[in-house]
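**Student:** Could you work out the structure for the sequence below:
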Amino acid sequence: MTTSNDTALDAGAQGTRERKEALMSRLRSFLPLIGFVVILGFFAVATHGSILTPKNITLILSGGYMLMIAACGVWLIMTMGCLDFSQGSMLGVACAVFCALSQVNLVLAILGSVATGALVGAVNAYFHVRRQILSFVVTLCMMFLLRGICAFITTESPVYAASYVTTFNNMPLLMGMTVTILVITYLVTRFTALGHNLKAIGANEKAARFAGIRVQRTKVIIYVVAGCITGFAAFVNAIKVGSVTSTAGNMLETQLLIAMVLGGMPINGGARARFSNVVIGVLSYLVLQKGLVMMGFATEIQQLILGVVFVAMVALFSDRSLGQVIK
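**Tutor:** Numbers count the residues shown, from 1 in each chain. Next up, the predicted model:
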């Protein structure tokens with residue numbers, strides 16, 4: 001027979017557990033920022049401050065504009081608890097479209113690049129949403145398909161952009177475009193119902209449907225929007241390189257995933273997704289990548305270190321209390 005004292009003790013223990021869980025949740029939200037500071041501090045010491053010189057900071061930022069923009073679209077998809085492995089090959093094909101159309105008109109080239117990304121996103125959404133195929137399966141297949149297309153159109157020679165395109169390769173313009181995409185994405189997801197809907201879908205898709213959220217329509221919209229963002233990132237990439245080869249966008253999917261988890265993004269999405277995951281994650285990845293290069297590690301060792309970091313961060317930020325990790 002339960003006494004009033006036993007009930008009070010159980011309630012007190014429950015309250016203590018809840019306070020500990022709340023404290024751990026708040027601490028976990030600061031871990032990505034702490035991790036970024038630790039990474040930056042480590043490489044600052046290991047490279048004797050070389051990584052903090054204006055020249056190296058400029059190099060780090062110049063290599064991150066395209067990655068930062070593409071990460072916005074990936075963040076939207078991952079917040080829903082989905083994955084997209086077609087980002088790199090999508091960027092390669094969209095970049096080829098931009099380079100070809102740039103010979104005609106710059107605006108037409110940008111619109112063509114963005115439309116290519118939107119089309120690929122729509123195809124991904126069709127098979128995932130309408131045909132009920134897991135997102136990682138659909139996008140893996142799309143990755144190989146688009147990689148084959150990119151290799152085919154560059155068989156004879158790279159696809160070159162018009163000569164004037166590289167004149168746009170200057171820091172103020174690239175930074176301005178990147179900040180604009182970041183601000184728009186943040187404002188839309190923070191101050192409209194879309195951001196709450198994405199987190200609700202990531203947390204529990206069935207409950208979100210019962211709550212009146214049009215899950216299928218939201219997923220389609222997000223995949224198309226993410227494709228548009230990647231198409232724009234292809235324009236930014238073309239500004240920098242001026243041409244497209246069969247390896248364009250190669251390993252971008254891996255870079256984006258590592259950046260997301262470094263920023264504290266849970267693979268299963270949901271309520272723990274924060275837009276700060278994008279900025280902190282990409283900056284952490286860029287510093288980590290540049291620091292490993294400056295320390296003289298071979299490419300194989302760099303990949304090994306990045307793989308270990310990726311697995312550790314996934315284990316730390318994934319919500320294992322959910323029965324389904326990806327959709």
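**Student:** All the helices of the chain, in order from the start?
**Tutor:** 4-46, 54-62, 65-79, 87-102, 106-125, 135-153, 171-191, 193-203, 205-210, 215-241, 252-262, 276-294, 299-317 (DSSP state H).
**Student:** nearest to Ala161, of these?
**Tutor:** helix 87-102 (4.0 Å; CB to CB). For the C-beta atoms, the positions are set from N, CA and C on the backbone; glycine is no exception.
**Student:** Phe232 and Thr166, how far apart?
**Tutor:** 17 Å (CB to CB, to the nearest Å).
**Student:** who has more neighbours, those two?
**Tutor:** The neighbour comparison of Phe232 against Thr166 (other CB atoms under 10 Å) goes to Phe232, with 24 against 15.
**Student:** which residue sits closest to that one, ignoring its sequence neighbours?
**Tutor:** Distances taken as CB to CB, 6 or more residues apart in numbering place Val114 nearest to Phe232, at 5.6 Å, with adjacent residues excluded.
**Student:** For stretch 277-296, list the C-alpha coordinates in PDB.
**Tutor:** Output of stretch 277-296 as PDB, limited to C-alpha atoms (Å, rounded to 0.1, in the frame of the first residue of the first chain):
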ATOM      1  CA  ASN A 277      23.300  24.900 -36.400                       C
ATOM      2  CA  VAL A 278      24.000  26.200 -40.000                       C
ATOM      3  CA  VAL A 279      26.300  29.100 -39.100                       C
ATOM      4  CA  ILE A 280      28.300  27.500 -36.300                       C
ATOM      5  CA  GLY A 281      28.400  24.100 -38.100                       C
ATOM      6  CA  VAL A 282      29.800  25.500 -41.400                       C
ATOM      7  CA  LEU A 283      32.300  27.700 -39.600                       C
ATOM      8  CA  SER A 284      33.500  24.800 -37.400                       C
ATOM      9  CA  TYR A 285      33.900  22.600 -40.500                       C
ATOM     10  CA  LEU A 286      35.800  25.200 -42.500                       C
ATOM     11  CA  VAL A 287      38.200  25.900 -39.600                       C
ATOM     12  CA  LEU A 288      38.600  22.200 -38.900                       C
ATOM     13  CA  GLN A 289      39.300  21.500 -42.600                       C
ATOM     14  CA  LYS A 290      41.800  24.400 -43.000                       C
ATOM     15  CA  GLY A 291      43.500  23.600 -39.700                       C
ATOM     16  CA  LEU A 292      44.100  20.000 -40.700                       C
ATOM     17  CA  VAL A 293      45.600  21.100 -44.000                       C
ATOM     18  CA  MET A 294      47.800  23.600 -42.300                       C
ATOM     19  CA  MET A 295      49.100  21.000 -39.900                       C
ATOM     20  CA  GLY A 296      50.200  18.900 -42.800                       C
END
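**Student:** what's in contact with stretch 108-123?
**Tutor:** Residues from elsewhere that reach stretch 108-123 (CB atoms under 8 Å, 6 or more residues apart in numbering): 86, 90-91, 93-95, 97-102, 142, 146, 161, 220, 223-232, 234-235, 238.
**Student:** what about that stretch, average pLDDT?
**Tutor:** The average pLDDT within stretch 108-123 is 96.
**Student:** May I see the buried residues of it?
**Tutor:** For stretch 108-123, a neighbour-count test (16 or more other CB atoms under 10 Å) marks 109-114, 116-121, 123 as buried.
**Student:** any chance of the residues you listed in a markdown table, with distance to Ala200 too?
**Tutor:** Below are the buried residues of stretch 108-123 laid out as a markdown table (distance: CB to CB, whole Å):
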| residue | distance to Ala200 |
| --- | --- |
| Ala109 | 38 |
| Ile110 | 33 |
| Leu111 | 33 |
| Gly112 | 35 |
| Ser113 | 32 |
| Val114 | 28 |
| Thr116 | 30 |
| Gly117 | 26 |
| Ala118 | 24 |
| Leu119 | 28 |
| Val120 | 26 |
| Gly121 | 21 |
| Val123 | 25 |
